[in-house]
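Enquirer: Take a look and give me a structure for this.
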Amino acid sequence: MRKLFTLLFLLVLTNFVSAGVCTNCKIKSIGIGPHYDNLCIKNACAFILVEGNLNDIVPCSTGSWHFVVDTTTDSGKSALSLLLMAHAADKRISIAGDGSCNYSREAETFLYSYLADK
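Expert: Residues are numbered from 1 along each chain as shown. Model prediction:
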């Protein structure tokens, strides 16, 4: 039982440690619309490409995009709003994924973002 617990703990820790994080980055591109929606499980998403110091790109991501936001939820819509505003205003952000490609194989699933400018 102890070995099973240890193995599960290490699997969770490995997944957490390998999540993509970009601090003080700029949004390079945002992909939305039917073409991108077809790449997502729920058929409503936005793909995000950042420029800056992106750490720990997850190996499950097979596309050229870094993160994918689920836009079917209020939280996802709020996140997309923040990302669109940051892109339009040329603001720096910090953004991170959850270490998985559960929403699309093209990019890491979005976890959080915030404005990095003062």
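
Enquirer: Show the subsequent helix or strand relative to the helix or strand of the chain with the lowest mean pLDDT.
Expert: Scoring the helices and strands of the chain by mean pLDDT, DSSP states H and E places helix 2-17 at the bottom, with a mean of 48. Once helix 2-17 ends, the next helix or strand along the chain (criterion: DSSP states H and E) is strand 21-31.

Enquirer: Mind giving me the packing neighbours of the next helix or strand after that next one?
Expert: Downstream of strand 21-31, the first helix or strand assigned by DSSP H and E is helix 34-37. When contacts are defined as 3 or more C-beta pairs under 8 Å, 6 or more residues apart in numbering; DSSP states H and E, helix 34-37 sits against strand 45-51. Bear in mind the C-beta positions are built from the backbone N, C-alpha and C, glycine included.

Enquirer: Whatever helix or strand comes next after the strand it packs on pairs with which strands, parallel or anti?
Expert: Downstream of strand 45-51, the first helix or strand assigned by DSSP H and E is strand 54-55. Strand 54-55 has the following sheet partners, assigned by DSSP bridges: strand 21-31 (antiparallel).

Enquirer: Name the residues of the partner strand that are buried.
Expert: For strand 21-31, burial by neighbour count (16 or more other C-beta atoms under 10 Å) applies to 21-22, 25, 27, 30-31.

Enquirer: what's the answer for stretch 102-110, then?
Expert: 103-104, 106-110.

Enquirer: Now, those residues that are in strands?
Expert: Assigned to strands by DSSP state E, the following of those qualify: 108-110.

Enquirer: Which of these lies at the shortest distance from Ala79?
Expert: Phe110 (6.3 Å; C-beta to C-beta).

Enquirer: picking up where we left off before, pick the one among the buried residues of strand 21-31 closest to Cys60.
Expert: Closest approach to Cys60 among the buried residues of strand 21-31 (C-beta to C-beta): Val21, at 15.8 Å.
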